[in-house]
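Asker: With the input below, show me the fold.
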Amino acid sequence: MVSGRASQETRERYVRNIIGVWHAATPAQEERGRTWYRAAHQLAALIANGDVRSGAGVLAALSANKSWAQNCQLAQRAMATGIPSGHVGDALNKASKIIAGADPLEVLPIERKTGMFFRCIADPEDPDAVVIDRHAHDIAVGETYGNRGRGLSNSRRYSLLADCYREAARRLGELPSTVQAVTWVVHKHAGPVTATP
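Answerer: As a prediction, this is how the structure comes out:
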């Protein structure tokens, strides 16, 4: 498991791994990644009758351990009926609060995956937000973990990987969320990742 106190050398290796996957993107993969959060933003507005923040909050609240297709179905149904279903109690409770009018920033763990997912969907131009999920983790460390734990609930570990994506984005002249989305698309279609030497 990744240490939250990684050396500068390890951090640099993670940044190089991220940049390497970025450069492996085909033009189609790059375009899909570049437009991913903008499309999610539009969906959030659509399912919430123009209230992007609520739509993004419900999408984020119901995202954990779900495919994007499942996530969309659950969020659309929750927004249409006002009653979230099909997920674990904590996620349903958060989605219910957001549907009832609570600010997603007060409901979601903002410095973790669901909070960052909300930020990226609500504002695809956010200069700091980046989602660290299992795919982002595996890309950075250069190894496919499969069902092994990644420990992303640990704040130091999450912050370390988020900072590596931000540094990769800085070097590439891109938004961190764009780098994460493009590399996610590549990773989903490329199979196991291999570390940069």
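
Asker: If you count neighbours, what's buried in the helix ranked longest in the chain?
Answerer: With secondary structure taken from DSSP state H, the chain has its longest helix at helix 27-47. Residues of helix 27-47 classed as buried by neighbour count (16 or more other Cβ atoms under 10 Å): 29-30, 32-34, 36-37, 40-41, 43-45, 47. No exception for glycine: its C-beta is placed from N, CA and C like everyone else's.

Asker: Tabulate the CA atom coordinates of stretch 49-67 in PDB.
Answerer: Only the C-alpha atoms of stretch 49-67 are listed here, as PDB (Å, rounded to 0.1, in the frame of the first residue of the first chain):
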ATOM      1  CA  ASN A  49     -33.700  20.900 -13.800                       C
ATOM      2  CA  GLY A  50     -30.800  23.300 -14.100                       C
ATOM      3  CA  ASP A  51     -29.600  23.100 -10.500                       C
ATOM      4  CA  VAL A  52     -26.100  21.800 -11.400                       C
ATOM      5  CA  ARG A  53     -24.800  21.800  -7.800                       C
ATOM      6  CA  SER A  54     -27.700  19.500  -6.600                       C
ATOM      7  CA  GLY A  55     -27.300  17.200  -9.600                       C
ATOM      8  CA  ALA A  56     -23.600  17.000  -9.200                       C
ATOM      9  CA  GLY A  57     -24.000  16.400  -5.500                       C
ATOM     10  CA  VAL A  58     -26.400  13.500  -6.000                       C
ATOM     11  CA  LEU A  59     -24.200  12.000  -8.700                       C
ATOM     12  CA  ALA A  60     -21.200  12.200  -6.400                       C
ATOM     13  CA  ALA A  61     -23.000  10.900  -3.300                       C
ATOM     14  CA  LEU A  62     -24.200   7.800  -5.300                       C
ATOM     15  CA  SER A  63     -20.900   7.200  -7.100                       C
ATOM     16  CA  ALA A  64     -18.900   4.900  -4.700                       C
ATOM     17  CA  ASN A  65     -18.400   1.400  -6.000                       C
ATOM     18  CA  LYS A  66     -20.800   2.000  -9.000                       C
ATOM     19  CA  SER A  67     -20.100   2.100 -12.700                       C
END
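
Asker: Which residue lies nearest the spatial centre of this structure?
Answerer: The chain has residue 131 as the residue nearest its centroid, 3.0 Å off, counting by Cα atoms, centre = their mean.

Asker: Now do it against residue 89, distance only.
Answerer: 23 Å (Cβ to Cβ, to the nearest Å).

Asker: same check, this time on residue 16
Answerer: Taking Cβ to Cβ, one finds residue 16 at 41 Å from residue 89.

Asker: Also residue 6?
Answerer: Distance from residue 6 to residue 89, by Cβ to Cβ: 34 Å.

Asker: So for those two, which residue has more residues nearby?
Answerer: Neighbours were counted for residue 6 and for residue 89 using other Cβ atoms under 10 Å; residue 6 has more, 18 against 7.
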